[in-house]
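Q: structural data only, the sequence is not supplied:
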Ligand code: ADP
């Protein structure tokens, strides 16, 4: 039996196919353009790769900020529950999930049954989210997927004092004109994202095992800065951006079995 989980985020649509709630048999991710075309392109890629059709899915669960736009969903679920569920499948015993996506950051507490028990979220401000990193990557004339490697070359440490994305952008432009190195600025940017995120995590209470999810978990500079701030081991699953879609596919399986 196949189930489908679709996570429609602000930056990317992610989809995962599971077989019998046990095995991941397909996954796809497409960055969102304008409108809903990213959702269609994700599904087209997934169906072509897997050789399956929409009718083959026993249940489809949609999650994420844009879940209401998805016409094929049998059920919608919050991304908080789906992240907790997806991570618990891959990392049994997880207690804290740190999720940084395109436009929000969340700290999620997971109970011994692998379900979300509480959370704290920043969705009011771009600072500390993937969007902040996208803006900063442009100023540094690079891309988000290169920021981590740039940070790894840093030799000098300093802080970005502005807490707002717009002011931080001006601050970084002025640091560049003062001759600061791009790699040191990348590190400072990552430490500023980590500081905001760890503020949320500490308010929630951090407990091992700690797992990081969302697209930003692919940035090793942010992961390192969070590890240093929390003084905890941070586990990053192989495909951290897919955890919400994976959780949705698992909930879809439970829906059929119930
Ligand atoms: P959403 O669910 O809101 O769409 P995601 O969890 O998909 O967000 O994360 C999107 C963010 O992940 C982007 O804003 C970007 O900053 C970051 N990101 C995406 N791909 C990469 C990558 N290869 N390396 C580092 N960061 C990335």
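A: Now that the structure is in, tell me what you want to look at. Because the structure is predicted, anything quoted here is derived from the model rather than measured.

Q: could you use CA atoms for every contact and neighbour count after this?
A: Fine.

Q: residue numbers of the stretch 1-150 of the chain in contact with the ligand?
A: Residues of the stretch 1-150 of the chain lying near the ligand by C-alpha under 6 Å from any ligand atom: 9-12, 101-103, 130-131, 133-134, 144-145.

Q: what is the longest helix along the chain packed up against?
A: Scanning the chain for the helix with the most residues, using DSSP state H, yields helix 182-204. Using 3 or more C-alpha pairs under 8 Å, 6 or more residues apart in numbering; DSSP states H and E, the elements in contact with helix 182-204 are strand 105-110, strand 116-122, helix 144-151, helix 165-177, helix 220-230.

Q: mean neighbour count, distance to residue 84 and mean pLDDT added to those, as a markdown table?
A: Output for the helices and strands packed on helix 182-204, formatted as a markdown table (neighbours: other C-alpha atoms under 10 Å; distance: least, C-alpha to C-alpha, whole Å; pLDDT from 0 to 100):
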| stretch | mean neighbour count | distance to residue 84 | mean pLDDT |
| --- | --- | --- | --- |
| strand 105-110 | 26 | 6 | 98 |
| strand 116-122 | 18 | 6 | 96 |
| helix 144-151 | 19 | 25 | 98 |
| helix 165-177 | 15 | 28 | 93 |
| helix 220-230 | 20 | 19 | 98 |
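
Q: of the ones you listed, which is nearest residue 73?
A: strand 116-122 (21.8 Å; C-alpha to C-alpha).

Q: contact partners of the following helix or strand past that closest one?
A: Using DSSP states H and E, the helix or strand that follows strand 116-122 in sequence is helix 130-139. With contact meaning C-alpha atoms under 8 Å, 6 or more residues apart in numbering, helix 130-139 is reached by 100-104, 126, 143-144, 147, 165, 169, 172-173, 189, 215-216.

Q: go with 7 Å
A: Contact with helix 130-139 is made by 100-103, 126, 143-144, 147, 165, 169, 173, 216, as judged by C-alpha atoms under 7 Å, 6 or more residues apart in numbering.

Q: for it, buried residues please.
A: 130-137, 139 (16 or more other C-alpha atoms under 10 Å).

Q: swap in stretch 236-254?
A: With the criterion 16+ other C-alpha under 10 Å, stretch 236-254 contains buried residues 236-237, 240-253.

Q: can you give the contact residues for it?
A: By C-alpha under 7 Å, 6+ apart, stretch 236-254 touches 3-7, 14-18, 20-21, 59-63, 79, 82-83, 85-87, 211-215, 217.

Q: picking that back up, contact partners of the longest helix of the chain?
A: Counting by C-alpha under 7 Å, 6+ apart, 105, 107, 119-120, 128, 140, 147, 150-151, 153-160, 221-222, 225-226, 230 sit against helix 182-204.

Q: could you report the neighbour count for residue 86?
A: 24 (other C-alpha atoms under 10 Å).

Q: in contact with it, which residues are there?
A: Counting by C-alpha under 7 Å, 6+ apart, residue 86 has contacts 243-244, 246-247.

Q: run the last query once more with 6 Å
A: Contacts for residue 86 (C-alpha atoms under 6 Å, 6 or more residues apart in numbering) come out as 243, 246-247.

Q: strands of the stretch 1-150 of the chain, start to end?
A: Ranges of strands in the stretch 1-150 of the chain, per DSSP state E, counting those that start in this stretch, are 2-8, 12-19, 23-31, 57-63, 75-76, 96-100, 105-110, 116-122.

Q: and residue 17, bridged to which residues?
A: residue 4, residue 26 (DSSP bridges).

Q: give the residue farthest from the middle of this structure.
A: residue 178 (33.5 Å; C-alpha atoms, centre = their mean).
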